[in-house]
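[1] Coordinates for the following, if possible.
(one chain, ligands or ions: 1)
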Amino acid sequence: LPPQTSRVPLRPAVAALPAYVPGARLAPGSSAFKLSSNENPYPPPAAVVAAVVDAAADTNRYPDMYATDLTEALATDLGVDASQVVVGNGSVAVLAHILSAVVDAGDEVVYPWRSFEAYPIAVAVAGGTSARVPVTQDGRLDLPAMAAAISDRTRVVLVCTPNNPTGPVVHAGELATFLASVPGDVLVVLDEAYLEFVRDPQAPDGLAVLAAHPNVVLLRTLSKAYGLAGLRVGYAVAEPALAAGVRAVSTPFGVSHVAQRAALAALSVKDELLERVEHLVSRRERLVEGLRDQGWDLPETQANFVWFPLGGPTAELAAGASAAGLLVRPFAGEGIRVSVGEEEATEAFLKVAAGWR
Ligand code: PMP
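    The predicted structure follows:
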């Protein structure tokens, strides 16, 4: 759509929002592989499809506003109390709710950059001010610099681990040092969207971190490892009082009945889904090894994607991949992010990358 001037003036922060550029979509009937949104390439298991079909019969009714069964199932799975879990329509919505529960006009939110592109938007919409801290040369979060960026106005720090789009995790030791320096009334959001793909033994145990630090909230999703991106289910785990605040500002009935039932079904076949994640992790390792053998210098990745910090030739490589039937995610002038998808897609991408060496 062409830019238009609204007759009713938009809030200046909204008028100035950066665009959220979604990963390229497949054209109808296309045989290309979609590696542009860090999705799970496996279609949902039969139990999930059956739950969706079954739940469709109740769509004349509002869903359970607090997703009670799902909240309890998640709490049981995590070994926490249900009062600590808040479900929302995608973890991106849960993040928006966390920020609107905590951030007042002009408050600062510290986060790494480059990181998840929803962060600057969510912060501005909540009325906050962004304090971005560059990631290191090798795509890692610079936790000492993030600690140094905390001011009297800082209310929240976002820690994306693994970091989207660069890939590395923070290590438990550096996170402990960081948390020791964060004032107890500053909220630290550990965005663990890609948690299930992490194999680095140095990665933190989010639940243990939360147990030791009540100013931490874990942000998780069923979009990636659990393959429910299209149904929008994410959740936060926090101390009960904070969780209650997040629940209070959440969109009423935000998670559909269909999504709640599908998420419950996905949890009931968790082992099967995590076995798929194992395959995706080995595919990631093969992809990374293959690329390193070709001579590419890539940051470490613990997620279901690989980051190419290409700079200038980003658009060209993305176009080359697209011509080979692979939709990847270019970040103009910075690099491309390639999701770990189907086996054939991995092989095809290795060929495209080899052509670039
Ligand atoms: N956090 C990070 C780091 C992400 O990359 C994503 C998905 N791109 C999300 C949160 C949001 O996922 P969802 O809203 O589907 O739960």
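
[2] which ones are touching Leu190?
    159, 161, 204, 206, 209-210, 216-219 (Cβ atoms under 8 Å, 6 or more residues apart in numbering). In this view, the C-beta of every residue, glycine as well, is placed from N, C-alpha and C.

[3] if we go to 6 Å?
    Under the criterion of Cβ atoms under 6 Å, 6 or more residues apart in numbering, the neighbours of Leu190 are 159, 206, 218.

[4] Tell me the most packed of the residues you listed, by neighbour count.
    Val159 (25 neighbours; other Cβ atoms under 10 Å).

[5] how far does the host helix or strand of that one sit from the chain's center?
    For Val159, the host element (DSSP states H and E) is strand 154-160. Between the centre of strand 154-160 and the centre of its chain there are 15 Å (Cα atoms, centre = their mean, to the nearest Å).

[6] and the direction of the next helix-or-strand element following it versus that of strand 154-160, what angle?
    Moving toward the C-terminus from strand 154-160, the next helix or strand (DSSP H and E) is helix 172-181. Inter-element angle recorded for helix 172-181 and strand 154-160: 180 degrees (by axes from the mean of the first three to the mean of the last three Cα atoms, to 10 degrees).

[7] Just list what helix 172-181 packs against, helices and strands only.
    If you count contacts as 3 or more Cβ pairs under 6 Å, 6 or more residues apart in numbering; DSSP states H and E, helix 172-181 packs onto helix 143-148.

[8] try 8 Å this time
    Applying 3 or more Cβ pairs under 8 Å, 6 or more residues apart in numbering; DSSP states H and E, one finds that helix 172-181 makes contact with helix 143-148, helix 206-212.

[9] Whichever helix or strand comes after it pairs with which strands, parallel or anti?
    Downstream of helix 172-181, the next assigned helix or strand under DSSP H and E is strand 187-191. Strand 187-191 pairs in its sheet with strand 154-160 (parallel), strand 216-221 (parallel), by DSSP bridges.

[10] Can you say which of those strands is nearest to Arg25?
    Judged by Cβ to Cβ, the one of the strands paired with strand 187-191 that comes nearest to Arg25 is strand 216-221, at 19.8 Å.

[11] residues touching the residue in the stretch 51-200 of the chain that the ligand sits nearest to, list them.
    At 2.9 Å from the ligand, Gly90 is the closest residue in the stretch 51-200 of the chain, using Cβ to the nearest ligand atom. Residues near Gly90 by Cβ under 8 Å, 6+ apart: 221, 223, 232-234.

[12] Give me the buried entries from those.
    Buried by 16 or more other Cβ atoms under 10 Å: 221, 223, 232-234, out of those.
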